[in-house]
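Structure, please.
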Amino acid sequence: MKAIVQRVTCASVTVEGRLVSSIGRGMCVLLGISRDDSSKEAEWMAKKLLNLRIFNDPTTNKPWDRNVVEVGQEILCVSQFTLCHVLKGNKPDFHNALGSDASKPMYEDFLARLQSLYKPEAVKGGEFGAFMQVHIQNDGPITLQLDSPQLTAIARVSENKRKAKLNAKGGNSKPVGDGPEATGPGVAVVMEAATDKHTELEELKDE
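Residues are numbered from 1 along each chain as shown. Below is the predicted model of the structure:
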């Protein structure tokens, strides 16, 4: 699961000139759901968004000190399947995105999760499957990209496979990793990445 997060002074979604939803100060989230995502990734992303410190302290004006819940601001979360792209030359390919039949209920469940963890009236959504105009007034500008641990693990596996192929052809690139496996065969690091996924998700309990 991938999210582009922007701190905003206001944001809104319209479809064919019709206002779907709007917020004042808060955060606008563009959410990409991949075909490998599950409820664990959704839980991680929802908690991370609500705890992300991108706001100033309202009393001291200290930057990067408060999250959206602490400052009582709003969230606009819009489904954005194009975040799950890969480039084939100059053309984007979206085969990594979860199909619409499965992603719609997952997106709706994600909104409901945010609302239950925060407050329903402060979390707004777009219109799934529609051609939307998303108006974002970025405050700062402040824009962050969040990748769930599962997506990070998959990216690492993909990179290690590429490097393993390069090694087989006589290259000298080493697989990506931080442990002893980093200097071993690509397969060992693939297993490390899969283990990291579960480890990082478990760490949610301690955050």
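
got the CA positions of stretch 121-130 in PDB?
C-alpha atoms of stretch 121-130 as PDB (Å, rounded to 0.1, in the frame of the first residue of the first chain):
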ATOM      1  CA  GLU A 121     -17.000  13.500  10.600                       C
ATOM      2  CA  ALA A 122     -13.300  14.400  10.100                       C
ATOM      3  CA  VAL A 123     -12.500  11.800   7.500                       C
ATOM      4  CA  LYS A 124     -13.800  12.300   3.900                       C
ATOM      5  CA  GLY A 125     -13.400  10.300   0.800                       C
ATOM      6  CA  GLY A 126     -13.600  10.600  -3.000                       C
ATOM      7  CA  GLU A 127     -16.000   8.800  -5.400                       C
ATOM      8  CA  PHE A 128     -14.400   5.500  -6.200                       C
ATOM      9  CA  GLY A 129     -14.100   4.700  -9.900                       C
ATOM     10  CA  ALA A 130     -15.200   8.100 -11.100                       C
END
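
Work out the gap between that stretch and the centre of the chain.
16 Å (C-alpha atoms, centre = their mean, to the nearest Å).

buried ones in that stretch?
Of all the residues in stretch 121-130, those buried under the rule 16 or more other C-beta atoms under 10 Å are 122-128. Yep, even glycine has a C-beta here, placed from its N, CA and C like the rest.

Please identify which of the residues you listed is nearest to Lys104.
Set against Lys104, the nearest of the buried residues of stretch 121-130 by C-beta to C-beta is Phe128 (5.1 Å).

Verify the stated contact: that closest one with Met106.
No: Phe128 lies out of contact with Met106 (C-beta atoms under 8 Å); the separation is 10.2 Å.

returning to that earlier point: could I get the buried residues of stretch 121-130 as JSON lines with pLDDT, secondary structure and distance to Gly26?
Converted to JSON lines, the buried residues of stretch 121-130 look like this (pLDDT from 0 to 100; DSSP: H, G, I helix; E, B strand; the rest coil; distance: C-beta to C-beta, whole Å):
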{"residue": "Ala122", "pLDDT": "97", "secondary structure": "helix", "distance to Gly26": "8"}
{"residue": "Val123", "pLDDT": "98", "secondary structure": "strand", "distance to Gly26": "9"}
{"residue": "Lys124", "pLDDT": "97", "secondary structure": "strand", "distance to Gly26": "9"}
{"residue": "Gly125", "pLDDT": "97", "secondary structure": "strand", "distance to Gly26": "13"}
{"residue": "Gly126", "pLDDT": "95", "secondary structure": "coil", "distance to Gly26": "15"}
{"residue": "Glu127", "pLDDT": "95", "secondary structure": "coil", "distance to Gly26": "19"}
{"residue": "Phe128", "pLDDT": "94", "secondary structure": "coil", "distance to Gly26": "21"}
